[in-house]
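> Sharing a model that was predicted from the sequence below.
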Amino acid sequence: QPCAFIKPDLDGHESNYYEWFSAGVYDPSHGGDSMHQTDHLIKAVYFGFDPNRFYLRADVEGLSSGRHSQGRMACVVYLFSRKNYKIVIPFSGHTREAHVYEEIPNEQGWGDPQPFEQAAIDNVLEMAFDFDQFAIHPDEMLRFQLALEVADQEIERCPGRTPLSTRIPNEDFEEEMWIV
């Protein structure tokens, strides 16, 4: 879990060691998600927040080499809160524009795409969103998963079963987390 507020530059680079130092980290190789999958494309997931925004970083195998720019590969971030959303961030293809979709309850589908402009990809994927954008409030739980897709077919989900979760910080978060 995050232990302090963070404010990374969303540039798609591992800018400096301390940028994600206080973030929560999930390592799929230690997650025990799948007995069958031993080689993960998603190598690590970092997540954190400041008082107004949620930040997410995914280290994806081969991203810096351009290996994923040949096909229609995308990262899909699923958010589960009062409402469910998916953010589709293309790694390649005709457009690099990311979009967010809201789940339509009881219709088993997704609404029309809306632009999502707070993502950057180079050697890592970095993204952020304002809590207000998704009506997420302090002290609520946010659950999330990442998936890699090629030509709209999922090839990996991280974590594979149970989403990661974190409590959205309130104004006293850093005081509560402070350790002597």
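Good, I have the coordinates.
> Can you give me the neighbour number for the closest residue to residue 154 other than its chain neighbours?
In space, and not counting its chain neighbours, residue 154 is closest to residue 147: 5.1 Å by CB to CB, 6 or more residues apart in numbering. No exception for glycine: its C-beta is placed from N, CA and C like everyone else's. Applying other CB atoms under 10 Å, we find 18 residues neighbouring residue 147.
> And for residue 166?
The number of residues packed around residue 166, counting by other CB under 10 Å, is 16.
> Work out for me the element it sits within.
Following DSSP states H and E, one finds residue 166 within strand 164-167.
> Tell me if the residue nearest to residue 154 really is in a strand.
Yes - the assignment for residue 147 is a strand, going by DSSP: H, G, I helix; E, B strand; the rest coil.
> Show me what it is bridged to.
The residues paired with residue 147 through beta bridges, assigned by DSSP bridges, are residue 76, residue 157.
> residues contacting it?
Listed by CB atoms under 8 Å, 6 or more residues apart in numbering, the contact partners of residue 147 are 75-76, 78, 154, 156-158.
> Show the subsequent helix or strand relative to the strand holding residue 166.
Reading on from strand 164-167 to the C-terminus, the next helix or strand found by DSSP H and E is helix 173-177.
> Who are the packing partners of that following helix?
Packing partners of helix 173-177 (3 or more CB pairs under 8 Å, 6 or more residues apart in numbering; DSSP states H and E): none among the helices and strands.
> That helix: how far from the chain's middle?
Mean-position distance between helix 173-177 and its chain equals 23 Å (CA atoms, centre = their mean, to the nearest Å).
> just stretch 49-65 next, same as before
On the basis of CA atoms, centre = their mean, stretch 49-65 is displaced by 6 Å from the centre of the chain it belongs to.
> pLDDT (mean, whole number) over it?
The predicted model gives stretch 49-65 an average pLDDT of 85.
> Just list whatever residues bridge to residue 48.
Counting by DSSP bridges, residue 48 is bridged to residue 55.
> All set, thanks.
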